[in-house]
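>>> sequence plus the predicted model coming up.
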Protein chains: 4
Amino acid sequence: MESCQVRTDLALEASEGVPGEQTKVSGVRVNEYKKQGDILVTKVCIETKNAAKMLGKPMGCYVTIEAPTMAEPDEGYHREVSKCLKKELCKLLPEKSGKKQSYLIVGLGNRAVTADALGPFVIDNLYINRHLIKEYGKAVLEGGDCNQVSSIEPGVMAKTGMETAEIIKGIIRETKPDCVIAIDALAARSIKRLSRTIQICNTGIWPGSGVGNHRNALTEETLGVPVIAIGVPMVVDAATIVGDALDKLLSENKELETLRYGGHRQKFAELNNMYMTGKDVDDIVKRVSYTVSEGLNMALQG
Amino acid sequence: MESCQVRTDLALEASEGVPGEQTKVSGVRVNEYKKQGDILVTKVCIETKNAAKMLGKPMGCYVTIEAPTMAEPDEGYHREVSKCLKKELCKLLPEKSGKKQSYLIVGLGNRAVTADALGPFVIDNLYINRHLIKEYGKAVLEGGDCNQVSSIEPGVMAKTGMETAEIIKGIIRETKPDCVIAIDALAARSIKRLSRTIQICNTGIWPGSGVGNHRNALTEETLGVPVIAIGVPMVVDAATIVGDALDKLLSENKELETLRYGGHRQKFAELNNMYMTGKDVDDIVKRVSYTVSEGLNMALQG
Amino acid sequence: MESCQVRTDLALEASEGVPGEQTKVSGVRVNEYKKQGDILVTKVCIETKNAAKMLGKPMGCYVTIEAPTMAEPDEGYHREVSKCLKKELCKLLPEKSGKKQSYLIVGLGNRAVTADALGPFVIDNLYINRHLIKEYGKAVLEGGDCNQVSSIEPGVMAKTGMETAEIIKGIIRETKPDCVIAIDALAARSIKRLSRTIQICNTGIWPGSGVGNHRNALTEETLGVPVIAIGVPMVVDAATIVGDALDKLLSENKELETLRYGGHRQKFAELNNMYMTGKDVDDIVKRVSYTVSEGLNMALQG
Amino acid sequence: MESCQVRTDLALEASEGVPGEQTKVSGVRVNEYKKQGDILVTKVCIETKNAAKMLGKPMGCYVTIEAPTMAEPDEGYHREVSKCLKKELCKLLPEKSGKKQSYLIVGLGNRAVTADALGPFVIDNLYINRHLIKEYGKAVLEGGDCNQVSSIEPGVMAKTGMETAEIIKGIIRETKPDCVIAIDALAARSIKRLSRTIQICNTGIWPGSGVGNHRNALTEETLGVPVIAIGVPMVVDAATIVGDALDKLLSENKELETLRYGGHRQKFAELNNMYMTGKDVDDIVKRVSYTVSEGLNMALQG
């Protein structure tokens, strides 16, 4: 049996495999439960090296929050999503017997590219207090004892000339946070998950994804502190979607099965570096980033 | 024989019909000539009502400038494209025996939506002089006698509550320009034309395109003055591209011909309101809008 | 007695005259009342031509809402200010025996210049429904019968080459609103009113201010429909503030009275085209524009 | 004799002292020479600890380029300024016997605050090559051997919760540049220097300025590598300008000398956190940042 690797940043989609071919992979545990407002939370745990290889994702826990109308401008609904994010995030944050922690929030991506601006925009709306605590002590803050929060927008390598991992490693050495939370825009496989899904995982960020030895990954191994990643799919890879449409058509016409493995995907080279996105992505990224910020603020102030 | 209407704003693509099915339509005259820097200029003239119906475009002249590397940041190349635009635009501008004219440039689209911001961005870089001429006379301007240029960014209906045609009609009544030049972002059918093509036509702008009676079109008929339209394709409709990919695959497998007219396109309803675009569209729209501005500035100052 | 004209767009400040010289001008009626949250509402009615000349403002009613902490980010407080704006605005809107009206909201100023972006930013957050009513009828809207709202951001003359009045006149002719509401950033005389004051008046907008025959004013006389103006001071003229500081110093030192009319103001020519503003004007203009939008939305949906 | 400390980031202005009181300070060497296009270059060397204390600036060399029309949009003129910046910058860069160096360019300030956005905007237009050299070696770059350039926009402490020095120290530890070049918007004392002056110095950046032990300064002492600072005054402190205007008036009226040291400055508390700037600062910061980028690009590619 071959690997069923597909181009998606969502472990949930990877665990579903090719559409129409729902295969259970051993070593993967999936639980789902409904929340208020039709919000669906799914937890995918990849528990063996073999499962990690099959799904093309590192071992660990991936929680997916699917909020069907998150792309719409409904403040009440977004508050529900923020609360749900807060709750799920708190479960994944490393514990130290109730002691308050210090967090470095990393806003990945490029502020100047709409579909990649989620990380920087989330950073814009966070409550940051590390500098206040350093200067005045915790007493100055309402509520007394609290977590310490700092943030950085490292920028993209084409602009900085540095790996994001180099920048973050240096800042960690100087400021010694207990935990890193990295925010990034993701690619989904399915249009129905676009801007409607939040993935939280405890495996860190693997640039270019896939499993392997990445010295440039943002993981506990490379950074020395636990790394929680939060992502929202903002684009769908164009080649993937065309390939999937073909697969669907072919699978519905059994006489065409032979074509299926004929490698039609490589015919769409012109689709490389193209992505598919909604007509209102500029508005959506602002709204969704605010919802993620609020969830983070609630989780870290608790 | 049926209409071969396809979703494209480019007359050139409409005249090519469905890929792989190059049919000559009677009443359509096509000329092409090469320019410096691999720039290809094609002139499509739709000369009969029947041809207009077949191509889904109003009768008139459509000049397409294809500049293969226009999406790249090469100042010298962009200057060549601007010069070419100037030359082709001047041929289409209405003449009045050498008399200087007054132009109202209309920047269509939505500044806040990257792929739709071309019109507003072009307006940002124009040389505007109508207010100077009104206040000080033409003598004040270098070069003496010159065309008069004003501009407006009317905004989109969802934001103004007004049809663009209403706004422009009102402004024309008050300021009485001789000619309107409207700039807009277009949708192409083919990825290879994305951000690499400029279309100039003398038929005006037909919102939602297609031929018919549009009281909201920006045309000489509705506005009372000639309307030149300049457009650059910034997106490809997602459903179109998936449909085309399928057509291509099917046409290469003759045994599947039967599937072809089985209406697979309607199966991709989820692709509605999705579009495909390059990963660097934010940078490209800035560069290309500057190139169009420069072409316009050269043409109108001449 | 000479005119006490000073550089301010606020009738309230004009009515106060030169600081330290509180003179009552006949023909000017001033009432003030406190609101919740230390909000102070002052109504200045200029009732005679002579008073108009003295104050350098057209005859009419000017309502000033002073909200001392409006520059701070406090959502609850801003809601109070929005409610107050709604209430005062409704009193000034022209009535037609309970019949619903159609409004054209004009966002004056330049989106690209922070201190001048209030008008365009207010427009961004309005509920616009004219196009929906035109297409589907009023039945489609929640709440049934309602006012009709459209909006326009005309841009500045340096960019359009047209007087704002020309653009608005044209649009009014085509779309026939019952009333125009124009939003603009103002200049105050006093730093303490900066970003903390909203002025509503029923006299329209007089570009460059002062009284006189302005064919380019946005007034009922030039546009043919009532014009309500809403403004927030975002800058203080630099020359004014230096002059005032000197006046204050000199008035406190009676032996220097002779200097006072020696025309020290003209010595500060280098201050022309300079303005004074707070270090966080970029944040403030976003917050305040949202507060004004909300007040307008409440007033027009009622 | 007391210190003549005044609120200015320009050593040139500090060396001039209070207007009208041109005092030579011992230990300060000043040279000036004219360049093409009325560009004036002045070199102020502060050579003794006492002089440093008098001027409120650390010991070192400060080169000031005054380009009277730098605020205007004249491409040719800006190129001259860029060339001049390149030349003066090269003289200050630390040498290592012709060996190519690695530079980390730091864009200080806040992209979201117009008058403070110079640093981030300069970073946007730099040629960055460190990642290319790391991946492909120097051979891949045109021209062969070259300096290595990386950049970072650290953000402001209110947003990151970290001192800029902490962030930069960490990045230096990881990426080991030979030299840091920090870009920042400055405050001038005189309006005539606003947006028309570039200061280059080899003393680093002292947040809040003044001399003393700053663990948060960006200097060779704190960072371990030489730090060159480039700054352009974008604002004038409001209290300073009012105070200066008063001083000027009073000095012209000898009978008022007594008032002079009466501490009129503290009367203008309302001017705290206010600044004075030109009406077109949004445009100017874009133009000037481009000019600085070009100068840097020329200097580092040489």
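Here it is on my side, so go on.
>>> could you export stretch A:49-59 as CSV, CA atoms only?
The C-alpha trace of stretch A:49-59 is given here as CSV (Å, rounded to 0.1, in the frame of the first residue of the first chain):
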residue,chain,number,x,y,z
LYS,A,49,5.7,6.7,12.7
ASN,A,50,4.0,4.6,10.0
ALA,A,51,0.8,6.7,10.3
ALA,A,52,2.9,9.9,10.2
LYS,A,53,4.5,8.7,6.9
MET,A,54,1.2,7.7,5.4
LEU,A,55,-0.5,11.0,6.1
GLY,A,56,2.6,13.1,5.5
LYS,A,57,2.3,14.9,8.8
PRO,A,58,4.4,14.6,12.0
MET,A,59,3.2,12.5,15.0
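>>> tell me the buried residues in it?
Residues A:Ala51, A:Ala52, A:Lys53, A:Met54, A:Leu55, A:Gly56, A:Lys57, A:Pro58, A:Met59 are the ones in stretch A:49-59 that count as buried (16 or more other Cβ atoms under 10 Å in any protein chain shown). All C-beta spots, glycine's among them, are computed from the backbone N, C-alpha and C.
>>> just the pLDDT for the first one.
Looking at A:Ala51, its pLDDT is 90.
>>> would JSON lines of the buried residues of stretch A:49-59 with distance to A:Glu13 and secondary structure be doable?
Compiled in JSON lines, the buried residues of stretch A:49-59 are given as follows (distance: Cβ to Cβ, whole Å; DSSP: H, G, I helix; E, B strand; the rest coil):
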{"residue": "A:Ala51", "distance to A:Glu13": "15", "secondary structure": "helix"}
{"residue": "A:Ala52", "distance to A:Glu13": "15", "secondary structure": "helix"}
{"residue": "A:Lys53", "distance to A:Glu13": "17", "secondary structure": "helix"}
{"residue": "A:Met54", "distance to A:Glu13": "14", "secondary structure": "helix"}
{"residue": "A:Leu55", "distance to A:Glu13": "10", "secondary structure": "helix"}
{"residue": "A:Gly56", "distance to A:Glu13": "11", "secondary structure": "coil"}
{"residue": "A:Lys57", "distance to A:Glu13": "10", "secondary structure": "coil"}
{"residue": "A:Pro58", "distance to A:Glu13": "16", "secondary structure": "coil"}
{"residue": "A:Met59", "distance to A:Glu13": "17", "secondary structure": "coil"}
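>>> which helix or which strand is home to the residue of the stretch 151-300 of chain A found nearest chain C?
Ranked by Cβ to the nearest Cβ, the top residue of the stretch 151-300 of chain A for proximity to chain C is A:Asp283, at 11.0 Å. Taking DSSP states H and E as the criterion, the element that holds A:Asp283 is helix A:281-301.
>>> hmm, that helix in reach of chain B?
Yes - with Cβ under 8 Å from any Cβ of the partner chain as the measure, helix A:281-301 is seen reaching chain B through A:Val281, A:Asp282, A:Asp283.
>>> now the strands for the stretch 151-300 of chain A?
A:179-188, A:197-201, A:227-237, A:274-278 (DSSP state E, counting those that start in this stretch).
>>> hey, least reliable of the ones you listed by pLDDT?
Ranked by mean pLDDT, those bottom out at strand A:274-278, with a mean of 78.
>>> for that strand, packing partners?
Under the contact definition 3 or more Cβ pairs under 8 Å, 6 or more residues apart in numbering or on different chains; DSSP states H and E, strand A:274-278 sits against strand A:227-237, helix A:238-251, strand B:274-278.
>>> dump the buried residues of stretch A:49-59 to TSV, plus distance to chain B.
Listed next are the buried residues of stretch A:49-59 as TSV, based on distance: Cβ to the nearest Cβ, whole Å:
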residue	distance to chain B
A:Ala51	29
A:Ala52	28
A:Lys53	28
A:Met54	27
A:Leu55	24
A:Gly56	21
A:Lys57	23
A:Pro58	25
A:Met59	30
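>>> what's the local residue count around A:Asp74?
A:Asp74 is flanked by 14 other residues according to other Cβ atoms under 10 Å in any protein chain shown.
>>> and what of A:Cys61?
The criterion is other Cβ under 10 Å. On that basis, A:Cys61 has 17 neighbouring residues.
>>> got the residues of chain A near chain D?
So far as Cβ under 8 Å from any Cβ goes, chain A lies against chain D at A:123-124, A:128-132, A:148-155, A:157-163, A:166-167, A:169-175.
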